[in-house]
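Trainee: Can you look at this prediction? I've put the sequence above it.
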Amino acid sequence: HSRLAGRVTGLPLTLGNKITPLGGGRAAYDAMLDAIEKAEHTIALTTYIFQADQAGRKFVSALARAHERGVEVRVLVDAVGNLYGLKPVSNLLRRRNIPVATFNPARLSWRLAFFNLRTHRKLLIVDGLKGFAGGMNIRKHHLENEDGTQRVRDTHFSLEGPIVSQMMEAFADDWAFSTREELPEEKWLPRVSPTGAGIPARAVPDGPDEPRQRSAMIMESALASARKRVQVITPYFLPEQALVTALKQAALRGVEVDILVPAKNNLPLFMLTALSGARQLVDAGCRLFLSAPPFDHTKLMIVDDDWVFFGSSNWDARSLKLNFEFNVESYDRGFATAMSDWVHPRFEAATEMTREDFRTRPRLQRAFGRVLWLASPYL
């Protein structure tokens with residue numbers, strides 16, 4: 001599997017990395033803001049949604065302070081994600097003299113044909129030495145309600161070691177595409193030493209400009225390599241046929257395949273569509289679990305307590321075919337075991353969707369879901 005991943009990505013497996021999971025929301029934001037405050041040379045930030053709200057303004061202020069003390073700052077926001085909320089954050093950043101660009105703006109030109117090609121990557125790299133990656137956007141939805149309850153459940157990651165250089169290379173490519181500015185390697189890509197024994201890891205940048213669907217191919221290979229257990233957590237579960245087949249084959253070999261999705265999705269009608277396609281997986285022996293609110297936005301795959309795949313990709317065609325995504329694969333039993341323990345309470349608290357549950361679903365829901373399933377590649 002590692003040989004396949006190396007050939008698909010064209011990137012080596014880096015050694016000696018430190019990867020730390022961060023609870024979505026305040027814990028992750030506080031760690032990211034602390035890293036920005038301690039930055040000495042460079043800050044690179046890219047995200048899909050960056051709202052000028054309670055959470056976003058803290059990042060704007062921290063980035064402005066870094067810029068004022070002489071740190072080189074670059075911020076890249078998706079052109080569509082930049083329009084979430086009433087005030088585009090790009091305007092606020094420009095007023096603070098922070099270099100900012102939008103990815104693939106949909107103007108009335110040749111670009112309009114590529115409107116669906118969005119950057120869904122969420123990366124923060126500080127001084128080329130410390131990075132953050134995962135599936136979290138920057139918006140107040142990830143913060144607690146006034147009564148202290150969570151609005152959204154998520155998992156982000158802090159990374160140190162040579163893997164950070166691969167993260168920075170992905171950002172530099174996107175920045176050059178969006179602005180035509182080539183970031184000088186001597187400043188933005190310093191040599192990064194291993195953090196000790198650490199975790200072997202490889203970046204998996206993916207997008208519609210690649211000749212292969214990197215993330216999907218690596219996920220399929222990992223499923224084919226599984227021997228004991230697979231755990232998948234995703235907010236959006238509409239896998240294409242190749243992934244469906246790989247999941248079913250793993251289950252039919254006797255591998256425990258557990259899939260966790262939100263019982264109530266933040267996108268209307270999404271669960272009707274997802275459940276229509278998931279019945280065949282349950283029939284093949286996979287186990288489907290529905291997590292109660294708050295909405296779980298975590299994107300994570302664990303295989304055999306040996307391999308972990310995390311990042312920005314969802315299990316749907318839009319994410320795996322149209323979006324520009326960034327994921328990380330890691331090979332370490334200690335880290336994989338820790339992540340399995342991390343998600344264990346979520347599976348324990350979830351409700352399993354059995355064959356009988358599928359059979360007794362209201363007929364109208366089943367019929368409507370099957371119609372929606374035909375449009376699943378476009379959802």
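Mentor: Okay, I see it.
Trainee: mind showing which ranges of the stretch 251-379 of the chain have poor pLDDT?
Mentor: 374-379 (pLDDT under 70).
Trainee: distance of residue 170 from residue 318?
Mentor: According to CB to CB, to the nearest Å, residue 170 and residue 318 sit 19 Å apart. No exception for glycine: its C-beta is placed from N, CA and C like everyone else's.
Trainee: Going along the chain, name the strands of the stretch 201-350 of the chain.
Mentor: Along the stretch 201-350 of the chain, counting by DSSP state E, counting those that start in this stretch, strands occupy 229-233, 237-238, 256-262, 287-291, 295-296, 300-303, 307-311, 315-316, 325-331.
Trainee: who's in contact with residue 298?
Mentor: If you count contacts by CB atoms under 8 Å, 6 or more residues apart in numbering, residue 298 has them with 24, 135, 153-155, 233-235, 343.
Trainee: least confident pick among those residues?
Mentor: Least confident of the contacts of residue 298 in the model: residue 24, at 83.
Trainee: Could you report the neighbour count for the closest residue in space to that one that isn't next to it in sequence?
Mentor: Computed as CB to CB, 6 or more residues apart in numbering, the closest residue to residue 24 that is not its neighbour in sequence is residue 154, at 2.4 Å. Using other CB atoms under 10 Å, the number of residues around residue 154 comes to 24.
Trainee: With mean neighbour count and distance to residue 130 as new columns, can the strands of the stretch 201-350 of the chain be given to me in TSV?
Mentor: Conversion of the strands of the stretch 201-350 of the chain to TSV gives the following (neighbours: other CB atoms under 10 Å; distance: least, CB to CB, whole Å):
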stretch	mean neighbour count	distance to residue 130
strand 229-233	24	25
strand 237-238	26	32
strand 256-262	22	30
strand 287-291	20	31
strand 295-296	22	26
strand 300-303	24	21
strand 307-311	24	17
strand 315-316	25	29
strand 325-331	24	14
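Trainee: Could I get the contacts of residue 298 in CSV, plus columns for distance to residue 314?
Mentor: As requested, the contacts of residue 298 are exported to CSV (distance: CB to CB, whole Å):
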residue, distance to residue 314
24, 15
135, 8
153, 15
154, 13
155, 14
233, 11
234, 6
235, 6
343, 16
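Trainee: From those residues, keep the buried residues only.
Mentor: Burial by neighbour count, 16 or more other CB atoms under 10 Å: within the contacts of residue 298 this picks out 24, 135, 153-155, 233-235, 343.
Trainee: From those, which land in helices?
Mentor: residue 343 (DSSP state H).
Trainee: So for residue 46, which of the strands of the stretch 201-350 of the chain sits nearest?
Mentor: When these are compared by CB to CB, strand 325-331 sits nearest residue 46, at 8.5 Å.
Trainee: Partner strands of the closest one, with direction?
Mentor: Looking at strand 325-331 with DSSP bridges, its partner strands are strand 199-206 (antiparallel), strand 307-311 (antiparallel).
Trainee: between the last one and strand 229-233, what angle do the directions make?
Mentor: Okay, so that is strand 307-311. Angle, strand 307-311 to strand 229-233, by axes from the mean of the first three to the mean of the last three CA atoms, to 10 degrees: 10 degrees.
Trainee: And the contacts of strand 307-311?
Mentor: Residues contacting strand 307-311 (CB under 8 Å, 6+ apart): 1, 133-135, 155, 157, 204, 215, 218-219, 222, 225, 299-303, 325-332, 335-336, 339.
Trainee: same check, this time on stretch 238-256
Mentor: So stretch 238-256 is in contact with 216, 219-220, 223-224, 226-230, 257, 259, 273-274, 277, 280-281, 284-287, 315-317, 320, 376-377, 379, going by CB under 8 Å, 6+ apart.
Trainee: which of those residues count as buried?
Mentor: 216, 219-220, 223, 226, 229-230, 257, 259, 273-274, 277, 281, 284-287, 315-317, 320, 376, 379.
Trainee: and this protein, what are its domains?
Mentor: 11-202, 205-370 (automatic domain parsing).
Trainee: tell me which residues in the strand ranked longest in the chain are buried?
Mentor: Assignment by DSSP state E gives strand 14-23 as the longest strand of the chain. Under the neighbour-count criterion of 16+ other CB under 10 Å, strand 14-23 has 14-19, 21-22 buried.
Trainee: If anything else comes up later, I'll come back, but that's it for now.
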